[in-house]
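Undergrad: what shape does this take:
(2 chains)
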There are 2 protein chains.
Amino acid sequence: MPHTAPKTQRQSARTILAVNLRRMRAELAWSQEDLAAEAGLDRSFVAHVERGARNISIDNLEKLAVALAVPIARLLEQ
Amino acid sequence: MPHTAPKTQRQSARTILAVNLRRMRAELAWSQEDLAAEAGLDRSFVAHVERGARNISIDNLEKLAVALAVPIARLLEQ
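TA: Here you go, the predicted structure:
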């Protein structure tokens, strides 16, 4: 490998979102099913997003933010 | 209509993004083509996003944030 990895790597947007979602859901003591129901999304979709396994769209990000009653930017704050 | 519209309507996430992108691009004096090239996206895609006409994904939001050298949350701050 020609280059060593940088010491502080930028966290991917998917990872930031996953961490935030799990934390916000825990603060509300909501299950993935609760969040999915509030947001009008499938539980399996929420589970995938919380693993960083889905390339979620802005419209679905907005549904999650509305369900959690936070500004959408908060979902992506590191 | 049974209900009158609320006085202050929540701005949609697409609109917030569109306004921010146009402002950030203007601050850098970049054309849509410049931003698209920096982000590795099509100019027409950027144009659509700046009109709120595309349901952009988190991966592409991240490309725009990296191109503009801002944290991704900044793209969605009202």
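Undergrad: contact residues of chain A facing chain B?
TA: Chain A comes close to chain B at residues A:12-14, A:16-17, A:55-59, A:61-62, A:65, A:71-78, as judged by C-beta under 8 Å from any C-beta of the partner chain. Using the backbone N, CA and C atoms, a C-beta is placed for each residue, glycine as well.
Undergrad: what about the longest helix in chain A?
TA: Secondary structure of chain A read by DSSP state H shows that its longest helix is helix A:13-28.
Undergrad: quick one: mean pLDDT over it.
TA: Mean pLDDT, taken over the full extent of helix A:13-28, equals 98.
Undergrad: ok so, going back, and the residues of chain A next to chain B, which are buried?
TA: Among those, those classed as buried by neighbour count (16 or more other C-beta atoms under 10 Å in any protein chain shown) are A:13-14, A:16-17, A:56-58, A:61-62, A:65, A:71-73, A:75-77.
Undergrad: circling back: dump the C-alpha coordinates for the longest helix of chain A into CSV.
TA: Provided in CSV are the C-alpha atoms of helix A:13-28 (Å, rounded to 0.1, in the frame of the first residue of the first chain):
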residue,chain,number,x,y,z
ALA,A,13,-22.7,9.9,6.5
ARG,A,14,-24.4,6.5,6.8
THR,A,15,-22.5,5.8,10.0
ILE,A,16,-23.3,9.2,11.5
LEU,A,17,-26.9,8.6,10.7
ALA,A,18,-26.9,5.1,12.1
VAL,A,19,-25.4,6.2,15.4
ASN,A,20,-27.7,9.1,15.8
LEU,A,21,-30.8,7.1,15.0
ARG,A,22,-29.9,4.4,17.6
ARG,A,23,-29.2,7.1,20.2
MET,A,24,-32.4,9.1,19.6
ARG,A,25,-34.5,5.9,19.5
ALA,A,26,-32.9,4.8,22.8
GLU,A,27,-33.6,8.2,24.4
LEU,A,28,-37.3,7.8,23.6
